[in-house]
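Engineer: Sequence and predicted structure, then a few things I'm wondering about:
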Amino acid sequence: MNKYREIYGIDISKNVFDVYGSKAGFSQFTNDGQGFKNFVKQLPRSSLVVMEATGYYHYRLAQYLHNKGVFVSVVNPLSVKRFIQMKLAKVKTDKSDAKAICGYGQMNDVLLYNALTDIQGECLQLFRLVDSYLKHRTATKNKLKGEEVLGVPSKFVYQSLKRNIRHLNKEIEALESRLLELVKQDQQHQLTLLKSIPGMGV
């Protein structure tokens with residue numbers, strides 16, 4: 001069933017990532033450029049690396065491994081959780097998670113990771129930051145209304161909240177402008193590729 005020489009499960013956190021190889025067993029690396037290099041150095045060819053989708057933490061490592069020609073799969077954490085429950089694993093530590101992810105990769109036909117382009121990667125970061133600023137702006141507006149309900153809001157507090165909202169509006173506008181610019185670039189790139197296909201023409 002398995003076409004890979006070895007399968008590695010990775011449990012990644014802010015500072016380190018724990019690894020369990022189907023043959024190599026446990027190891028640990030720092031979650032930075034040097035740690036990535038050290039991990040790749042000891043990987044046998046034709047190995048598969050499986051990790052959970054954990055937001056910012058998994059993204060950098062997945063992109064790095066993909067760019068190095070390593071087979072990578074990013075799986076849904078809920079699927080791994082169900083797999084662990086089926087195995088009746090009662091102890092949940094970083095090492096057992098890495099081992100469980102490895103086991104999941106061995107037992108399932110997982111999909112390979114498709115790396116984002118530079119434009120797609122920046123768009124993803126921009127979307128996340130816009131979403132964060134929008135939530136912050138809503139919270140600040142609610143705070144402003146709450147202060148007004150008091151009847152006599154502090155002038156200093158009122159002005160500070162208004163400045164914060166103006167600043168957030170400016171940042172959101174700048175981020176959305178950059179998003180639009182990147183989308184236009186990406187669309188132009190796709191259009192250029194289409195035009196290069198014989199018969200498509202202009």
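Structural biologist: The structure has been received and is ready for your questions.

Engineer: Low-confidence stretches in the protein?
Structural biologist: By pLDDT under 70, the low-scoring segments of the chain are 1-2, 55-56, 87-95, 186-202.

Engineer: where exactly do the strands run in it?
Structural biologist: Along the chain, counting by DSSP state E, strands occupy 6-12, 16-21, 25-30, 47-52, 71-75.

Engineer: Can you check which of the ones you listed gets nearest to Arg163?
Structural biologist: Among the strands of the chain, strand 6-12 comes nearest to Arg163, with 38.6 Å by CB to CB. (Glycine included, C-beta is placed from N, CA and C.)

Engineer: What is the closest one packed up against?
Structural biologist: Judged by 3 or more CB pairs under 8 Å, 6 or more residues apart in numbering; DSSP states H and E, strand 6-12 is in contact with strand 16-21, strand 47-52, helix 56-67, helix 94-107.

Engineer: contacting residues for Arg60?
Structural biologist: Phe36 (CB atoms under 8 Å, 6 or more residues apart in numbering).

Engineer: Any buried residues in stretch 160-167, and which?
Structural biologist: For stretch 160-167, burial by neighbour count (16 or more other CB atoms under 10 Å) applies to 161, 164-165.

Engineer: Bridged to the closest residue to Val70 other than its chain neighbours, which residues?
Structural biologist: Leaving aside its chain neighbours, Val70 sits nearest to Val49 (5.9 Å; criterion: CB to CB, 6 or more residues apart in numbering). Note on Val49: beta-bridge partners by DSSP bridges are Tyr8, Val72.

Engineer: quick one on the thing from earlier: Serialize the strands of the chain to TSV and add fields for distance to Leu175 and mean neighbour count.
Structural biologist: Below are those laid out as TSV (distance: least, CB to CB, whole Å; neighbours: other CB atoms under 10 Å):
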stretch	distance to Leu175	mean neighbour count
strand 6-12	27	25
strand 16-21	30	22
strand 25-30	31	14
strand 47-52	28	24
strand 71-75	26	22
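
Engineer: want to throw these into a markdown table with distance to Glu181?
Structural biologist: Formatted as a markdown table, the strands of the chain follow (distance: least, CB to CB, whole Å):
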| stretch | distance to Glu181 |
| --- | --- |
| strand 6-12 | 32 |
| strand 16-21 | 34 |
| strand 25-30 | 35 |
| strand 47-52 | 32 |
| strand 71-75 | 28 |
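
Engineer: what separates the residue nearest to Val70 from Asp97, distance-wise?
Structural biologist: To Asp97, Val49 is 15 Å away according to CB to CB, to the nearest Å.

Engineer: Enumerate every residue touching the nearest residue to Asn15 once chain neighbours are set aside.
Structural biologist: The spatially closest residue to Asn15, leaving aside those adjacent along the chain, is Asn31, at 5.6 Å (CB to CB, 6+ apart). Applying CB under 8 Å, 6+ apart, we find Asn31 in contact with 12-17, 57, 61.
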